[in-house]
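[1] Could you look at this predicted model? Sequence included:
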Number of protein chains: 2
Amino acid sequence: MSQHDFPSAMAAEAAFYQAFESSDHDAMMAVWCSQDDIECIHPLGERLMGVAAVSDSWQKILSGSKQLHFQVSHARQIANEQLAVHVVYENITIDGREQPPVIATNVYRNNGNGWHMVLHHASPATDIEGKRRQENTGADETILH
Amino acid sequence: MSQHDFPSAMAAEAAFYQAFESSDHDAMMAVWCSQDDIECIHPLGERLMGVAAVSDSWQKILSGSKQLHFQVSHARQIANEQLAVHVVYENITIDGREQPPVIATNVYRNNGNGWHMVLHHASPATDIEGKRRQENTGADETILH
């Protein structure tokens, strides 16, 4: 697949999560800027700098056979005509099982012809919903006891 | 302290870590943009949105009596005239004890008069140096056994 030029940061972001969900390494790397100043931090992972390191990491992540589903929520954007910073929650299910939520900061750059990802910084979120579920379960148990 | 207008994202970043180190809440909030689209994610913490939530969190963090020291390393910047995205390692010592490293994405915005922080996303880094030290300790132990 050749390098795409996305018409907006939003379009690049949609393609990023689509590539992740469909485990498509070529589509994933088409979202990333091909310049070597890109950076990627997977949750609790190393800080990966440059196209080769970022591409390698996605090769490993996307080579699994698991069925991923992403729901992105609470997206907020700070942007101008050249740079866009998105902060989102990634709500992920793997083979139908809900995972603890992840917070991601995604940064996109417009090179004049289109938008590409230049930074993905993901980290485990405080699992507030999980805590609530736990609390609710606790409450139910109290009633049942 | 009144709101400062920093001449560069670098100056705002220096003031951010200075305020953190000196536990100065007023100086910390002078670094942050006063608009309500700011966000702050402390390591493994909640995603805090808006001036009140961000200010409250720093009030709690900076009210401790511990002696913090920051060394920021491997800073990289993606920027234009209105937005600057910095990714850094935060190497922190608390009361003289080295902490596991943190990766931070710091985003600054120029409102026309100066630069302020609009996003701080910090998360635990893979402690590669710690792992190396552990491995080295392991190697020493093997020699000693």
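    Structure received. Residues are numbered from 1 along each chain as shown, chains lettered A, B, ... in the order given.
[2] The one residue in chain A that gets nearest to chain B: neighbour count?
    Scanning chain A for the residue nearest chain B gives residue A:123, at 3.3 Å (criterion: CB to the nearest CB). In short, each C-beta sits where N, CA and C put it, glycine included. Here the count is done by other CB atoms under 10 Å in any protein chain shown, and residue A:123 has 24 residues near it.
[3] Test for you: state the pLDDT assigned to it.
    Looking at residue A:123, its pLDDT is 96.
[4] Spell out which helix or strand contains the closest residue in space to it that isn't next to it in sequence, please.
    Excluding its sequence neighbours, the residue lying closest to residue A:123 (CB to CB, 6 or more residues apart in numbering or on different chains) is residue B:123, at 3.3 Å. Take DSSP states H and E as the rule and residue B:123 turns out to sit in strand B:115-124.
[5] any idea of the angle that strand forms with strand A:115-124?
    Interaxial angle of strand B:115-124 relative to strand A:115-124 (axes from the mean of the first three to the mean of the last three CA atoms, to 10 degrees): 50 degrees.
[6] elements contacting strand B:115-124?
    strand A:83-94, strand A:102-110, strand A:115-124, helix B:9-21, strand B:39-41, strand B:102-110 (3 or more CB pairs under 8 Å, 6 or more residues apart in numbering or on different chains; DSSP states H and E).
[7] Now render those as JSON lines, adding distance to residue B:83.
    Listed next are the helices and strands packed on strand B:115-124 as JSON lines, based on distance: least, CB to CB, whole Å:
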{"stretch": "strand A:83-94", "distance to residue B:83": "5"}
{"stretch": "strand A:102-110", "distance to residue B:83": "9"}
{"stretch": "strand A:115-124", "distance to residue B:83": "12"}
{"stretch": "helix B:9-21", "distance to residue B:83": "9"}
{"stretch": "strand B:39-41", "distance to residue B:83": "14"}
{"stretch": "strand B:102-110", "distance to residue B:83": "6"}
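[8] Which among these is found nearest to residue B:67?
    Proximity to residue B:67 (CB to CB) singles out helix B:9-21 among the helices and strands packed on strand B:115-124, at 8.8 Å.
[9] Next SSE downstream of that closest one?
    Later in the chain than helix B:9-21, the nearest helix or strand by DSSP H and E is helix B:25-31.
[10] And the helices and strands packed on strand B:115-124: which comes nearest residue B:94?
    Nearest of those to residue B:94, taken as CB to CB: helix B:9-21 at 10.9 Å.
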